[in-house]
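Trainee: got a predicted structure plus its sequence, pasted below:
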Amino acid sequence: METNSKTLKQNLRFKLPVFLIVSEILWLGTGALGFPVWWQIEFVSFAFVGLLLFLLLDMPSLKPETRSSQSTFRIIGAYAFPTILFITLTAQLPQFDPKYDVPPPVVDNFSEYTSKESIEAGRQVFESNKCFNCHRVFWEGNSDRGPNLGTKQIGLYSWDYIKEQIVDPRKKQSPGFDDPKSKLAMPDYYGEDLNENELNALVAYLRTLRDPTHIPVEGKFPDQWTWWDDKQIVEEGKLVFEGKEPETEGLNCAVCHGADGIPMMTGAFDFRNPNNPDTKKMPDHMDVTLKDFPDALYYKRVTRGVDETPMAPWGTIFPHLYLWKAEAYSRTFHDPLDKRTAKKPVPPIPTKEEIEGWKKDGLFLDPLL
């Protein structure tokens with residue numbers, strides 16, 4: 001009786017080149033698709049197991065079994081061989097480790113969502129839901145299809161507002177992203193996809209995205225602008241400045257600085273004079289005049305106050321979102337919007353080292369940040 005079985009040498013002469021070609025296709029193909037290197041190794045390993053299987057199928061037939069024990073041995077061997085091979089190969093791959101592969105626990109108590117662990121869990125939610133595909137966070141991220149949440153300083157906004165923007169993104173469109181295509185870009189299913197813990201952890205992470213050295217930036221790159229030149233922000237800042245903003249009840253800049261810019265109290269800073277120098281009452285005094293104040297100086301004077309004056313550290317009392325708006329309005333006393341010939345330059349994106357420096361120097365007036 002003729003047989004189609006081949007010797008091992010005959011088998012390898014044809015099947016080994018096929019295996020090498022298939023392996024190369026798998027390696028290059030999975031690499032081009034972005035699979036991790038360990039996945040590439042696993043795909044090639046499966047191809048190798050296939051090579052062994054086809055070699056076995058074409059090997060000379062075994063002698064017929066004469067005893068039931070032989071049949072049992074061969075059945076067990078046929079099962080055990082690929083099983084042991086599979087376990088041996090996959091054991092070389094990275095194994096699951098709860099220490100690294102499980103997100104930090106997120107507690108149920110709302111007040112505890114500001115913990116370091118919850119913030120880290122929130123960043124993992126941000127990454128795992130591919131938010132970096134459309135949003136940058138300062139220098140991190142893949143595109144500008146959505147606002148840069150770092151330079152926009154989403155962390156200045158309230159907890160409820162950020163949460164609403166995640167679950168109902170169509171309700172209020174970010175300035176500069178109000179074209180028809182951008183309005184539909186942000187998915188509206190995260191309210192269903194994320195459980196309450198994940199959602200709150202995500203908000204906790206987003207609340208840390210702030211910059212105490214630059215005023216917020218709006219718009220789509222490269223057509224961006226800062227709040228210094230934003231007409232709506234300036235109008236909202238006027239309400240804060242004049243004590244008419246409900247969210248900052250008790251804050252009224254006009255009481256001392258004057259609703260029309262004419263100081264009402266002796267020693268109050270005059271925002272009408274662009275050559276007014278920075279106060280010398282503070283140890284971090286800068287030798288600059290009002291027209292050249294860097295954003296960080298505006299921020300520090302308003303949030304930290306001025307020693308030996310009625311200028312209190314308002315940043316310890318009121319949301320910084322509104323303090324930035326008041327600063328944008330105060331600038332118009334010496335630099336009116338309708339008189340400007342050019343917008344202020346958009347500041348450079350801060351580096352990781354600069355951000356670490358903000359925390360170290362305590363610029364946020366907030367231990368969490």
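Mentor: Looks like it came in fine. None of these values were measured; they are calculated from a predicted model. Numbers count the residues shown, from 1 in each chain.

Trainee: my guess is Arg170 contacts Pro180, does it?
Mentor: No: using CB atoms under 8 Å, Arg170 is not in contact with Pro180, being 11.8 Å away. Every residue, glycine included, has its C-beta placed from N, CA and C.

Trainee: find the residues that touch each one of the two.
Mentor: Residues touching both Arg170 and Pro180 (CB atoms under 8 Å, 6 or more residues apart in numbering): there are none.

Trainee: who's more crowded, these two?
Mentor: Taking other CB atoms under 10 Å, Arg170 and Pro180 do not tie; Arg170 has more neighbours (10 against 6).

Trainee: could you work out the end-to-end span of stretch 203-217 for me?
Mentor: Stretch 203-217 has its terminal residues 20 Å apart, counting by CA to CA, to the nearest Å.

Trainee: from Ala185, how far off is Asn133?
Mentor: From Asn133 across to Ala185, the span is 11 Å (CB to CB, to the nearest Å).

Trainee: quickly list what's touching both of those two.
Mentor: Arg145.

Trainee: okay, and the helix or strand of the protein with the least pLDDT?
Mentor: When each helix and strand of the chain is scored by mean pLDDT, DSSP states H and E, helix 98-101 comes last, with a mean of 46.

Trainee: what's downstream of that one, the next helix or strand?
Mentor: For helix 98-101, the following helix or strand on the C-terminal side (DSSP states H and E) is helix 116-128.

Trainee: next, count neighbours for Lys281.
Mentor: The tally of other residues near Lys281 (other CB under 10 Å) stands at 12.

Trainee: an error on my part: the question was meant for Pro313.
Mentor: Counted with other CB under 10 Å, the neighbours of Pro313 add up to 15.

Trainee: hey, where'd the strands end up in this protein?
Mentor: Secondary structure of the chain (DSSP state E): strands at 217-220, 223-226.

Trainee: out of the ones you listed, which one sits most buried?
Mentor: Greatest average neighbour count among the strands of the chain goes to strand 217-220 (a mean of 20), per mean count of other CB atoms under 10 Å.

Trainee: that strand pairs with which strands, and in what direction?
Mentor: Here strand 217-220 has these sheet partners by DSSP bridges: strand 223-226 (antiparallel).

Trainee: who touches the strand it pairs with?
Mentor: Residues contacting strand 223-226 (CB under 8 Å, 6+ apart): 176, 214-219, 343-344, 346-347.

Trainee: mind running it again at 7 Å?
Mentor: Applying CB atoms under 7 Å, 6 or more residues apart in numbering, the contact partners of strand 223-226 are 176, 215-219, 343-344, 346.
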